[in-house]
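Asker: sharing a sequence plus its predicted fold:
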Amino acid sequence: MIMTTYVDELVQNISKREGESAINWRGQDQSCADLLGSAKAWMAKFDDLGIEAGTVCGVSGDYSPQVCGLFLALMQANAVLVPLTASSAAQLQAPLELAGATKLLRFDNDDQWTIENVSPSPANDLMTGFLELQHPGLVVVTSGSTGKPKGILHDCEMVLRKFSQQRQGYRTLLFLLMDHFGGFNTLMSVLSYGGTAVIAAKRTPEEVCRTIQDALVELLPVTPTFINLLLASRCYQDFDLSSVRLITYGTEVMPESTLERIG
C-alpha cells in the first residue's frame, strides 16, 4: 500500500485549483495548472540532468515560475533542496560544500537556467542518516555568528505537515529571500492554503509598494527593519495599499515604537 505523503497532499491541493492563480510574476498571474506543468516538465528532465532521490541540489537565484516549479519537482523526487541567493561561484562554494551538493542550478533574472556538476564533499552522518528516510529535504545555510557557514537540515515532510489543516489563502508577497527558511515556509504556506505567491522585482520600499498596488497583495510578511525603511521613505503615500489585510513580521525584534507608527 502506497502511503500519501504531505508532498502528495500539497500537489493534490494545487491540482484542485488548476484554473486559479498560484504565482504572480512581472505583473502576470501564473495558474496552478502552469505551476504543475512546470513541475512535470522538470521531472521529465531529471534523468538527463542526473537528479534522483537523494540528490542534493543547490538552486541559486530568486523566486520565479521556473524556480517554484523546480522546488515542487525536487520535493516530489525526494531530492534535497539547497536554496541560495544569486552569488559568484566563489561565494557559493562554501555553502555547497557544507550541504554536500552535487548539482547546482543557476537562474538569471529572465528565468533562464544552467546546471553544473559540483564536486561532492565527504558525506556527514546527519545527511547520510536523513537520506535513508527517502524524504525530500531542505538545507538552509546561514553565516552564523562567527561568519562561518552553518547548515540546518529540514525534512520537507515535517515542514509541510503543519499546512495540512486548511486555512485562508491570501495574495502574499514573497519578501524573505528563498535561502531563508521563512521565505521557503511562506511559499509553501501560500501554495498549501490556496493563495497566490506574489514576486516583486526588487525589495525596495518603492517597488514593494508598487507591487502591492498592482498585484493587489493582501498579506505582507516583512521584517521590522523593512517597515522602518518604508515609514522613513514615505513612499507608501504615493501608492494605493488598501488591498493589504494583514502585515506579519519576524526574523528580529519589533520595536514598540514601530508598531505604534504603523498602526
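Answerer: That came through fine.
Asker: contacts and neighbour counts: CA atoms only from here.
Answerer: Noted.
Asker: let's verify Val82: helix, strand, or coil?
Answerer: Secondary structure of Val82, reduced to three states by DSSP: H, G, I helix; E, B strand; the rest coil: strand.
Asker: got a list of what it touches?
Answerer: Applying CA atoms under 8 Å, 6 or more residues apart in numbering to Val82 gives the contacts Val56, Cys57, Gly58, Val59, Leu96, Ala99, Ala101, Leu138, Val139, Val140, Val141, Asp179.
Asker: convert the C-alpha atoms of the helix or strand where the third one lies to PDB, please.
Answerer: What it means is Gly58. If you go by DSSP states H and E, Gly58 is part of strand 56-60. The C-alpha coordinates for strand 56-60 follow below in PDB (Å, rounded to 0.1, in the frame of the first residue of the first chain):
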ATOM      1  CA  VAL A  56      21.500  17.300  -3.100                       C
ATOM      2  CA  CYS A  57      20.800  20.300  -5.500                       C
ATOM      3  CA  GLY A  58      21.900  23.800  -5.000                       C
ATOM      4  CA  VAL A  59      19.400  26.300  -6.500                       C
ATOM      5  CA  SER A  60      20.800  29.800  -7.000                       C
END
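Asker: tell me the helix or strand right after it.
Answerer: For strand 56-60, the succeeding helix or strand toward the C-terminus, using DSSP H and E, is helix 65-76.
Asker: quick one, helices of the stretch 101-250 of the chain?
Answerer: 125-131, 156-161, 181-193, 205-215, 224-233 (DSSP state H, counting those that start in this stretch).
Asker: would JSON lines of those with distance to Thr172 be doable?
Answerer: Compiled in JSON lines, the helices of the stretch 101-250 of the chain are given as follows (distance: least, CA to CA, whole Å):
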{"stretch": "helix 125-131", "distance to Thr172": "32"}
{"stretch": "helix 156-161", "distance to Thr172": "18"}
{"stretch": "helix 181-193", "distance to Thr172": "7"}
{"stretch": "helix 205-215", "distance to Thr172": "9"}
{"stretch": "helix 224-233", "distance to Thr172": "16"}
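Asker: which parts of this structure are strands?
Answerer: With DSSP state E as the criterion, the chain has strands at 21-25, 28-31, 56-60, 80-84, 103-107, 113-117, 137-142, 150-155, 171-173, 196-199, 219-222, 246-249.
Asker: worst mean pLDDT among those?
Answerer: Here the lowest mean pLDDT among the strands of the chain goes to strand 246-249, at a mean of 87.
Asker: give me the distance from that one to the chain's centre.
Answerer: Chain-centre distance of strand 246-249: 18 Å, with CA atoms, centre = their mean, to the nearest Å.
Asker: how about stretch 179-188?
Answerer: How far stretch 179-188 lies from its chain's middle: 5 Å, per CA atoms, centre = their mean.
Asker: got it, and stretch 235-245?
Answerer: Relative to the mean C-alpha coordinate of its chain, stretch 235-245 is positioned 25 Å out (CA atoms, centre = their mean).
Asker: go on, stretch 167-184?
Answerer: 7 Å.
Asker: first to last residue in it, what's the distance?
Answerer: Using CA to CA, to the nearest Å, the end-to-end distance of stretch 167-184 comes to 18 Å.
Asker: go on, stretch 135-149?
Answerer: End-to-end distance of stretch 135-149: 24 Å, with CA to CA as the criterion.
Asker: still on that earlier bit, between strand 113-117 and the strand holding Gly58, find me the angle.
Answerer: 140 degrees (axes from the mean of the first three to the mean of the last three CA atoms, to 10 degrees).
Asker: from memory Trp25 sits against Asp62, does it?
Answerer: No - the pair formed by Trp25 and Asp62 falls short of the contact definition of CA atoms under 8 Å, at 11.3 Å.
Asker: more crowded one of these two?
Answerer: Of the pair Trp25 and Asp62, Asp62 is the one with more neighbours under other CA atoms under 10 Å, namely 22 against 18.
Asker: picking up where we left off before, Gln76: which of the helices of the stretch 101-250 of the chain is closest?
Answerer: Among the helices of the stretch 101-250 of the chain, helix 156-161 comes nearest to Gln76, with 10.3 Å by CA to CA.
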